[in-house]
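Student: Structure, please.
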Amino acid sequence: MRSLPPITAHIAKSTIQRHWRAGIAVIAGLLVVIVATAPWHGDSNPKPAADSASIATTHTPSKATAKTAAPKPKVQVTNGVVKINAPVTLRAGGKTKMPWPSKGQASISVAGIGSFGASGSKSPVPTASVAKAMTAYVILKHHPLKGHPLKLRVHRNEALAFRHEVAMGQSLVPVRSGEVLTERQALQALMLASADNMAKILGRWDAGSVPAFLNKMNAQAKALGMTHTHYTDPSGYDKRTKSTVGDQMKLADAALHLPGYQAVVSQRTAVIPVAGKIQNFNKLLGEPGVVGIKTGSMSAAGGCLLFAAKSKVAGKSVTILGTVLGQRSGSVGDLNQAFVSSHNLLAAVHSAVRPVKIVQKNQVVAKVPGTNTVLVSASDVTIPGWRGMVLPSHVTASVKTGAVNGTKVGTLTVGHVGKAALVVRNTH
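Tutor: Purely as a prediction, here's the structure:
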């Protein structure tokens, strides 16, 4: 597209101040049209025609029914920010094929961009020690790892319970009555060594009792929209603690935004009092980019893994989130099967994700009514994408309504990571 000469800062300021309300309305309407019909380009590195990319609405009607069956995306204008609730699909030769495990549940996504989908039943199933991911989340949410380190003391009854817990076959770290641990050391015992007893000790330390802590866990699950999750214990040893891969993906996304969470779950080893050096059970940490999160395994649950990995696509950092539950293999062990399933899914995502150009530099985004000016994108907007991707994010354009600094008046954002300045240009 041919670049249009910019209007002066004075004219830009006058134009926006007199027409910003109408401009926002038009931006909203035109962005909806752009989402549905604009010839947006695909991969910045050209590929064969069958793999070229374009954007279309998720529910694209046939030509015969387009006028009556086309969906009407909701448009919201709040404080000068236009939000269009219009999920879009990246079409480039069909959906990406994923190596979904033959048993259990699985899901994988790129945070803030979109999901590759899910496999298996959507019914809640036992999570085993993956439940500890919520335990750590609640602890860190209420006790951030900063400043003077917080400490907790092991009570006598908690130390005495150790022998009984060993007999029950629980995953544990040895503790002594009166032993003092920092919060970080307790979290390391919880998330690396998967200590069931430390889950109860942390719950008591935080809420005064384990039942009170369970109330906090379930309240937090509700707050995160984990509608198919219920915690009956803080460790996951109780098979009545159940969830789904979809709910665990919500937890993973929230947890990695919590300061200190990734720093703990990404450690391979640590040293804690009494137990000494402990190892992280998560063997997936040896793979490039993997930063956690939590393993789980028992007869009622099979092998389970909540995992995350960091990757870069065209210089943009992305986070891959995944969950597998109910993995089973009599020959190699259930937890090992969870690692195998997760490895296969991660490899497929790394292979499928590539840079996709959503908006071109100088592409007209909207026209300001009653004027000879338009808003154009000052640069290309590129996001990580893949065949069959659905963007759950809003397409947004924020427009300044006050003084204009030169000709830049706002920002176009697609999929959270693709951004470009909006610039006022004169059509003459």
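
Student: pLDDT below threshold where in the stretch 1-150 of the chain?
Tutor: Low-confidence segments of the stretch 1-150 of the chain (pLDDT under 70): 1-94.

Student: buried sites along the one helix or strand Phe307 maps to?
Tutor: Secondary-structure assignment from DSSP states H and E places Phe307 in strand 302-313. By neighbour count on 16 or more other C-beta atoms under 10 Å, the buried set for strand 302-313 is 302-309, 311, 313. C-betas here are computed from N, CA, C, even on glycine.

Student: same check, this time on stretch 272-286
Tutor: 272-273, 275, 278, 280-285.

Student: from these, which ones fall inside strands?
Tutor: Using DSSP state E, the subset of the buried residues of stretch 272-286 located in strands is 272, 278.

Student: Need the max-distance pair from the buried residues of stretch 272-286.
Tutor: Within the buried residues of stretch 272-286, two members stand farthest from each other by C-beta to C-beta: Pro273 and Leu284, at 27.6 Å.

Student: can you list the domains in this structure?
Tutor: 9-93+355-426, 125-289 (automatic domain parsing).

Student: how many degrees apart are the helix or strand following the strand holding Phe307 and strand 302-313 in direction?
Tutor: Using DSSP H and E, the helix or strand that directly follows strand 302-313 along the chain is strand 316-327. Strand 316-327 runs at 170 degrees relative to strand 302-313, counting by axes from the mean of the first three to the mean of the last three C-alpha atoms, to 10 degrees.

Student: Buried by neighbour count: which residues of strand 316-327 qualify?
Tutor: So strand 316-327, judged by 16+ other C-beta under 10 Å, has buried residues 318-327.

Student: Would you mind writing the CA trace of it as PDB?
Tutor: Taking Å, rounded to 0.1, in the frame of the first residue of the first chain, the C-alpha atoms of strand 316-327 are listed here in PDB:
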ATOM      1  CA  LYS A 316       8.900 -12.200  20.600                       C
ATOM      2  CA  SER A 317       9.000 -14.200  23.900                       C
ATOM      3  CA  VAL A 318       6.000 -16.600  24.300                       C
ATOM      4  CA  THR A 319       5.000 -19.000  27.000                       C
ATOM      5  CA  ILE A 320       3.700 -22.500  26.200                       C
ATOM      6  CA  LEU A 321       1.400 -24.000  28.800                       C
ATOM      7  CA  GLY A 322       0.300 -27.700  28.900                       C
ATOM      8  CA  THR A 323      -1.400 -30.200  31.000                       C
ATOM      9  CA  VAL A 324      -1.700 -34.000  30.800                       C
ATOM     10  CA  LEU A 325      -3.800 -36.000  33.300                       C
ATOM     11  CA  GLY A 326      -4.500 -39.800  33.600                       C
ATOM     12  CA  GLN A 327      -1.500 -41.000  31.600                       C
END
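
Student: will you turn the buried residues of strand 316-327 into CSV that also has pLDDT?
Tutor: Formatted as CSV, these follow (pLDDT from 0 to 100):
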residue, pLDDT
Val318, 90
Thr319, 95
Ile320, 97
Leu321, 98
Gly322, 98
Thr323, 98
Val324, 98
Leu325, 98
Gly326, 97
Gln327, 97
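
Student: and those, which two are the farthest apart?
Tutor: Val318 and Gly326 (27.2 Å).

Student: ok so, going back, the strand holding Phe307 packs against which elements?
Tutor: With contacts taken as 3 or more C-beta pairs under 8 Å, 6 or more residues apart in numbering; DSSP states H and E, strand 302-313 sits against helix 245-255, strand 290-298, strand 316-327, helix 334-352.

Student: Would you list the strands that it pairs with, along with their directions?
Tutor: strand 290-298 (antiparallel), strand 316-327 (antiparallel) (DSSP bridges).

Student: Save the ones you listed as JSON lines, and put in distance to Ala161 too.
Tutor: Output for the strands paired with strand 302-313, formatted as JSON lines (distance: least, C-beta to C-beta, whole Å):
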{"stretch": "strand 290-298", "distance to Ala161": "19"}
{"stretch": "strand 316-327", "distance to Ala161": "28"}
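
Student: and Gln262, which of these is closest to it?
Tutor: strand 290-298 (5.4 Å).

Student: picking that back up, point out the most buried one among the helices and strands packed on strand 302-313.
Tutor: Highest mean neighbour count of these: strand 290-298, a mean of 26 (counted as mean count of other C-beta atoms under 10 Å).

Student: From Phe307, how far off is Ala338?
Tutor: Relative to Phe307, Ala338 is positioned 9 Å away (criterion: C-beta to C-beta, to the nearest Å).

Student: what's near enough to touch Arg268?
Tutor: 192, 279-280, 285 (C-beta atoms under 8 Å, 6 or more residues apart in numbering).

Student: and which of those residues is nearest Ser107?
Tutor: Ranked by distance to Ser107 (C-beta to C-beta), the contacts of Arg268 are led by Leu285 at 20.1 Å.

Student: Following the helix or strand hosting Asn157 in sequence, what is the next regular element?
Tutor: In this assignment (DSSP H and E), Asn157 forms part of helix 156-167. Using DSSP H and E, the helix or strand that follows helix 156-167 towards the C-terminus is strand 180-182.

Student: packing partners for the following helix or strand past that next one?
Tutor: The first helix or strand that comes after strand 180-182 along the chain, using DSSP H and E, is helix 183-191. Where contact means 3+ C-beta pairs under 8 Å, 6+ apart, helix 183-191 is packed against helix 132-142, strand 151-153, helix 196-207, helix 261-265, strand 269-272.

Student: Right, I'll leave it there.
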